[in-house]
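> Fold the following and give me the result.
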Amino acid sequence: LQAVGQRVVEVAREMDRLERRLTVYDDESDVSARNRAAAERAVPLDEELADLLRTAARLHAETNGAFDAASGALVRAWGFLRGPRRVPSAEERAQALAASGWGHVRLDDRGLAFDRPGVELNLGAIGKGFAIDRALELVQVRYKVGTVDQRAVQQQLLATSAARSALARATGERLVQRVN
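Okay, here's the model as predicted:
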């Protein structure tokens with residue numbers, strides 16, 4: 001039973017590691033740092049982040065733009081990032097729209113670049129699924145569990161992640177907590 005507990009803690013640590021990297025709620029996260037720098041120069045990407053961004057680009061293309069991870073300026077303008085939630089003025093909406101959209105993103109061998117200031121990636125719509133996929137890989141590869149009911153595990157991990165997010169928002173606490 002202790003071994004199972006250790007495995008659960010390891011999976012939680014992996015999900016927390018990815019949350020720390022991908023969140024835009026932490027100014028020190030990898031994504032936040034790249035959002036600040038990518039309008040000035042191409043910023044290098046490690047394979048993990050490059051893989052996620054290639055997936056975001058593919059989903060953008062496959063959905064004819066309905067999925068767009070470069071919508072951070074709109075999320076910020078409406079107050080969904082740090083609040084207060086509000087309807088932005090017409091000028092603010094126009095500015096946010098001008099700085100939104102995957103068309104402003106350049107992803108190549110040099111790394112990530114934006115073609116204008118103000119563009120922001122927000123990986124909230126894809127990050128949790130990415131973390132869940134990595135957690136499943138950890139369970140299957142490291143622990144040699146090949147008969148995992150993936151749908152059940154994905155649903156449980158997503159429900160746990162959503163509950164943690166809701167609790168953090170309700171209490172004003174940081175979403176990411178270190179597991180000792």
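
> Pop out the phi and psi values for residue 114.
phi -110, psi 150 (degrees, to the nearest 10).

> ranges for the helices of this protein?
Assigned by DSSP state H, the chain shows helices spanning 2-22, 30-37, 47-62, 72-77, 90-98, 124-137, 150-171.

> Which elements pack onto the second one?
Helices and strands touching helix 30-37, by 3 or more CB pairs under 8 Å, 6 or more residues apart in numbering; DSSP states H and E, are helix 2-22, helix 47-62. All C-beta atoms are positioned from the backbone trio N, CA, C, and that covers glycine.

> what does the last one contact?
Applying CB atoms under 8 Å, 6 or more residues apart in numbering, the external contacts of helix 47-62 come out as 21-22, 30-31, 34, 45, 67-69, 102, 105, 107, 112, 121, 123, 126-127, 130.

> Show me which of the residues you listed are buried.
Buried by 16 or more other CB atoms under 10 Å: 21-22, 30-31, 34, 45, 67-69, 102, 105, 107, 112, 121, 123, 126-127, 130, out of the contacts of helix 47-62.

> does residue 108 have beta-bridge partners, and which?
residue 111 (DSSP bridges).

> which residues of the protein score low on pLDDT?
1-4, 143-180 (pLDDT under 70).

> again, only using 50
Residues of the chain that meet the criterion pLDDT under 50 lie in 167, 173-180.

> residues in contact with the residue nearest to residue 88 when sequence neighbours are not counted?
Nearest non-adjacent residue to residue 88, counting by CB to CB, 6 or more residues apart in numbering: residue 77, 4.4 Å away. By CB under 8 Å, 6+ apart, residue 77 lies in contact with 88, 92-93, 95-96.

> Likewise for residue 35?
So residue 35 contacts 24, 72, 119-121 (CB under 8 Å, 6+ apart).

> how many neighbours does the nearest residue to residue 67 once chain neighbours are set aside have?
Counting by CB to CB, 6+ apart, residue 59 is the residue found nearest to residue 67 once chain neighbours are left out, at 4.4 Å. For residue 59, the neighbour count with other CB atoms under 10 Å is 17.

> Just give me the neighbour total for residue 53.
Residue 53 - counted by other CB under 10 Å - has 21 other residues nearby.

> scratch that, residue 10 is what I was asking about
16.

> got the contact list for it?
By CB under 8 Å, 6+ apart, the neighbours of residue 10 are 138, 142.

> Roughly how far does residue 36 sit from residue 16?
23 Å (CB to CB, to the nearest Å).

> Looking at the two, which one has more neighbours?
Neighbours per residue (other CB under 10 Å) separate residue 36 from residue 16, with residue 16 holding more: 17 against 13.
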